[in-house]
Structure formats: structure tokens, C-alpha cells
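# what follows is a predicted structure for the sequence shown.
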Amino acid sequence: MAWNELDRRRVEKIVSDFVESRRPPVELRAQLDLAFRLEGQVVDLFEKRRSLHGHDVETPVARLRYVKSRKVWKLYWMRADLKWHRYQPLPESDRLEVLLREIDEDSIACFFG
């Protein structure tokens, strides 16, 4: 089940503020940028880079999945096997902001290397 419009806007605002705080300077954004996609109850954070051939390439950074029945957010990172894995230092929280702060700190270099 999807969020209602108010919940969706709240999530978009929180994630948008986070992404904006981490974006590179304006003059670099054509070559490298940070973005997100919200589909259903999943938020995917990714880097966008311009390839040598002029195409945008997306590199996953993190996945946040909301489990409505438990009212909890789960945090995932993509390992070298190209599969999403639960982020064990902090696998879930009832607050989206807590997980975004964990991504921002990236204490064990899972998200931004």
C-alpha cells in the first residue's frame, strides 16, 4: 500500500533536504550529482555521473524501505555482489532522519566509500 499524499510529500521533503545538503557545487553537477527516487515505499539514493560517452550513469548509494505494518524504516547498502544488504550497524529506525544521518556520517564507508 502506498503512502497518502501528505506522507509522500513529507518523505520527499526530508530526503530532498538531505540530498541538497550533500550535493556537489553547482559547477560540478553536470558531471557528478546526488539524487533520489521514490517508488512505492522505497527511497533509492544514487549518484549520477556523466560517462565518457555523454550518458548519465547511476550508482546506487543507499536504499530506505518503509514497512508500514511495523512503522519502521529499513536501511540497505549495495555490496560488491550488486545486491542490497541490510546495514548492520543500524539496520532500522522508526525515524527516517536517523537513517539519513547514518548515511551522511558513513562511519564504515558503505555508502560513499
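Structure received. Just so you know, these numbers come straight off a predicted model, no measurement behind them.

# low-confidence ranges in the chain?
1-2 (pLDDT under 70).

# can you list the neighbours in contact with the strand ranked longest in it?
If you go by DSSP state E, the chain has its longest strand at strand 56-67. The contact list for strand 56-67 (CB atoms under 8 Å, 6 or more residues apart in numbering) reads 3, 11, 15, 34-35, 41-51, 72-78, 84, 87, 96, 99-100, 103, 111-112. Glycine gets a C-beta too; all of them are placed from N, C-alpha and C.

# buried residues, that strand. List them.
61-66 (16 or more other CB atoms under 10 Å).

# now stretch 100-113
Under 16+ other CB under 10 Å, the buried positions of stretch 100-113 are 100, 102-103, 110-111.

# can you give me the end-to-end span of that stretch?
Stretch 100-113 has an end-to-end distance of 16 Å (criterion: CA to CA, to the nearest Å).

# just the buried subset of the contacts of strand 56-67, written out for PyMOL, thanks.
Selection command for PyMOL covering only the buried members of these, criterion 16+ other CB under 10 Å:
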select buried, resi 3+11+15+34+35+41+43+44+45+46+47+73+74+75+76+77+78+84+87+96+99+100+103+111
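
# inside helices: which ones of the contacts of strand 56-67?
11, 15, 96, 99-100, 103 (DSSP state H).

# most distant residue from the middle of the chain?
His53 (26.0 Å; CA atoms, centre = their mean).

# give me the three-state assignment for it.
The assignment at His53 comes out as coil when based on DSSP: H, G, I helix; E, B strand; the rest coil.

# distance of it from Pro60?
20 Å (CB to CB, to the nearest Å).

# next: Tyr87.
For Tyr87 relative to Pro60 (CB to CB), the value is 13 Å.

# and for Asp44?
7 Å.

# pull the contacting residues for the residue nearest the centre of the chain.
Closest to where the C-alpha atoms of the chain average out (CA atoms, centre = their mean) is Leu45, at 2.8 Å. Neighbour list for Leu45: 15, 19, 34-36, 60-64, 103, 111 [criterion: CB under 8 Å, 6+ apart].

# what would these look like in JSON lines with distance to Leu28?
Formatted as JSON lines, the contacts of Leu45 follow (distance: CB to CB, whole Å):
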{"residue": "Val15", "distance to Leu28": "21"}
{"residue": "Val19", "distance to Leu28": "15"}
{"residue": "Leu34", "distance to Leu28": "11"}
{"residue": "Ala35", "distance to Leu28": "14"}
{"residue": "Phe36", "distance to Leu28": "18"}
{"residue": "Pro60", "distance to Leu28": "20"}
{"residue": "Val61", "distance to Leu28": "17"}
{"residue": "Ala62", "distance to Leu28": "21"}
{"residue": "Arg63", "distance to Leu28": "25"}
{"residue": "Leu64", "distance to Leu28": "25"}
{"residue": "Ile103", "distance to Leu28": "20"}
{"residue": "Phe111", "distance to Leu28": "19"}
